[in-house]
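In: what follows is a predicted protein model with its sequence.
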Amino acid sequence: MRRVAVAVAALAAVLCAAGNGRADDFGRWLAEFRADAAGKGISPATLDAALTGLRPLEKVLNRDRKQPEFKLTFETYSARLLKPVNIERGKAMMAEHAKLLRRVSDRYGVQPRFIVAIWGIETRYGAIRGSTEIVPALATLAFDRRRSRFFRAQLLDALRMVDKGYIELADMKGSWAGAMGHPQFIPSSYLAFAQDFDGDGRRDIWNNLGDVFASIAHYLRRHGWSDARTWGRGVRVPETVRHAYDSMRAGKAKGCRALWQATKPRSLGEWQAVGLRRLSGAALPAVALDARLVMPDGAEGAAFLIYRNYESLLRYNCSNLYALTVGLLSDAVGRRR
């Protein structure tokens with residue numbers, strides 16, 4: 001028993017030393033980051049308020065390693081978000097805010113149903129916005145090696161937001177990955193795309209639905225959205241194409257990795273010629289439009305033809321599970337057939 005106790009004590013000492021070493025490493029990193037932030041113009045008052053006593057959050061690293069888009073099938077992921085209660089709530093939001101959504105749509109050229117669908121997927125129409133403190137979360141991810149460069153930039157932008165008075169530090173809360181407000185914008189997206197729709201001098205994505213809707217629409221528009229088109233559609237695929245799907249995939253290229261899973265673009269006429277049809281069995285639209293085929297769960301799963309607007313959805317979140325679910329929710333709340 002004595003040997004066991006000694007061994008346990010030794011192990012505890014090693015773990016404690018490792019923990020202290022990690023804390024020391026974080027302290028050194030934080031001091032270097034603070035100097036860099038000061039050199040980039042962040043005020044001493046903001047740095048003192050935001051960084052004093054900061055510690056990494058282990059729960060944030062755990063969430064980073066277990067993101068649902070990495071673990072779930074499309075069938076499971078979409079079923080969680082396309083529940084009847086979420087669809088009915090979306091329809092109610094479409095009706096309740098119809099005039100405001102139409103004004104936003106007219107200004108930015110994005111159909112209301114897509115604005116509402118993103119709102120619904122991101123925060124369940126504003127009901128679930130996250131309570132994690134943004135600065136500690138971003139500091140944790142910036143210190144971590146997996147995506148340190150990206151999150152270091154986000155942390156700097158978060159401090160810029162506080163420094164410029166866009167939000168109080170105490171109110172800067174959201175998701176574990178730094179996303180905030182109704183549209184779940186990360187700091188760089190807020191600075192680049194958030195909108196002051198009502199002209200009150202604030203870009204308030206936390207409390208002002210006009211600013212929220214306009215910010216979502218502006219983001220999509222700036223990433224190539226066209227209100228002349230939709231996102232895509234579910235399709236029937238013949239066995240010959242299913243068997244050939246893996247060899248048809250685009251593979252590695254620049255841009256969002258989710259597109260690697262899709263095929264290269266072909267015209268709708270070409271897809272029609274090889275046997276693809278709408279889910280109803282009807283012919284594909286007879287329009288001059290290119291589309292990619294994507295089957296997120298593999299050659300035996302659900303199949304979709306995706307258009308250029310789909311790539312704008314991927315800029316919001318580079319995941320086929322996410323973009324397809326936004327598209328399907330937009331169809332459901334907009335009663336598209």
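Out: Everything's here; your move. Residues are numbered from 1 along each chain as shown.
In: going forward, measure contacts between C-alpha atoms and count neighbours the same way
Out: Will do.
In: next up, the contacts around residue 196.
Out: Going by Cα atoms under 8 Å, 6 or more residues apart in numbering, residue 196 touches 202-204, 210-211, 214.
In: let me know the distance separating it from residue 42.
Out: Separation of residue 196 from residue 42 (Cα to Cα, to the nearest Å): 24 Å.
In: do the same with residue 82
Out: In terms of Cα to Cα, residue 82 sits 43 Å off from residue 42.
In: so these two - more neighbours on which side?
Out: Taking neighbours as other Cα atoms under 10 Å, residue 82 and residue 42 compare with residue 42 leading, 21 against 18.
In: element containing that one, please.
Out: Residue 42 is located outside every helix and strand, with elements delineated by DSSP states H and E.
In: what about the one helix or strand residue 270 maps to, average pLDDT?
Out: Under the criterion of DSSP H and E, residue 270 resides in helix 268-273. Average pLDDT, helix 268-273: 98.
In: what does stretch 217-225 give?
Out: Averaged over stretch 217-225, pLDDT sits at 98.
In: what's the answer for stretch 112-131, then?
Out: On average, stretch 112-131 scores 97.
In: please list the residues outside it that contact it.
Out: So stretch 112-131 is contacted by 81, 86, 90, 93-94, 101-102, 104-105, 173-176, 180-184, 213, 216-217, 326-327, 329-331, 333-334 (Cα under 8 Å, 6+ apart).
In: low-confidence stretches in the stretch 101-250 of the chain?
Out: By pLDDT under 70, the stretch 101-250 of the chain contains no weakly predicted segment.
In: show me where it has helices.
Out: Using DSSP state H, counting those that start in this stretch, the helices of the stretch 101-250 of the chain run over residues 112-123, 134-143, 148-163, 187-193, 209-222, 239-248.
In: list the strands paired with the helix or strand just after the helix holding residue 270, with their directions.
Out: The helix or strand immediately downstream of helix 268-273 is strand 277-278, counting by DSSP H and E. Partners of strand 277-278 in the sheet, by DSSP bridges, are strand 232-236 (antiparallel).
In: can I get the strand it pairs with as PDB, trimmed to CA atoms?
Out: The C-alpha coordinates for strand 232-236 follow below in PDB (Å, rounded to 0.1, in the frame of the first residue of the first chain):
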ATOM      1  CA  GLY A 232     -30.000  24.400 -54.600                       C
ATOM      2  CA  ARG A 233     -32.400  21.400 -54.100                       C
ATOM      3  CA  GLY A 234     -32.600  17.800 -53.100                       C
ATOM      4  CA  VAL A 235     -32.500  15.400 -56.100                       C
ATOM      5  CA  ARG A 236     -33.000  11.800 -57.100                       C
END
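In: tell me how far that strand is from the chain's mean position?
Out: 23 Å (Cα atoms, centre = their mean, to the nearest Å).
In: contacting residues around it?
Out: Under Cα under 8 Å, 6+ apart, the answer for strand 232-236 is 276-279, 281, 291, 302-307, 310, 327.
In: do you know how far residue 257 is from residue 171?
Out: Note on residue 257: its distance to residue 171, by Cα to Cα, is 34 Å.
In: mind checking which of the two has more residues around it?
Out: residue 257 (15 against 12).
In: and the strands in the stretch 51-200 of the chain?
Out: Along the stretch 51-200 of the chain, counting by DSSP state E, counting those that start in this stretch, strands occupy 132-133, 173-174.
In: in TSV: these, plus mean neighbour count and distance to residue 147.
Out: Output for those, formatted as TSV (neighbours: other Cα atoms under 10 Å; distance: least, Cα to Cα, whole Å):
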stretch	mean neighbour count	distance to residue 147
strand 132-133	18	19
strand 173-174	21	19
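In: export those to CSV and tack on distance to residue 314?
Out: Putting the strands of the stretch 51-200 of the chain into CSV (distance: least, Cα to Cα, whole Å) gives the following:
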stretch, distance to residue 314
strand 132-133, 25
strand 173-174, 21
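In: and of those, who's closest to residue 230?
Out: With Cα to Cα as the criterion, residue 230 lies closest to strand 173-174 of the strands of the stretch 51-200 of the chain, at 30.1 Å.
In: so what secondary structure elements neighbour the closest one?
Out: For strand 173-174, the elements it packs on are strand 132-133, judged by 3 or more Cα pairs under 8 Å, 6 or more residues apart in numbering; DSSP states H and E.
In: need the contact list for residue 203.
Out: Applying Cα under 8 Å, 6+ apart, we find residue 203 in contact with 166, 194-197, 211.
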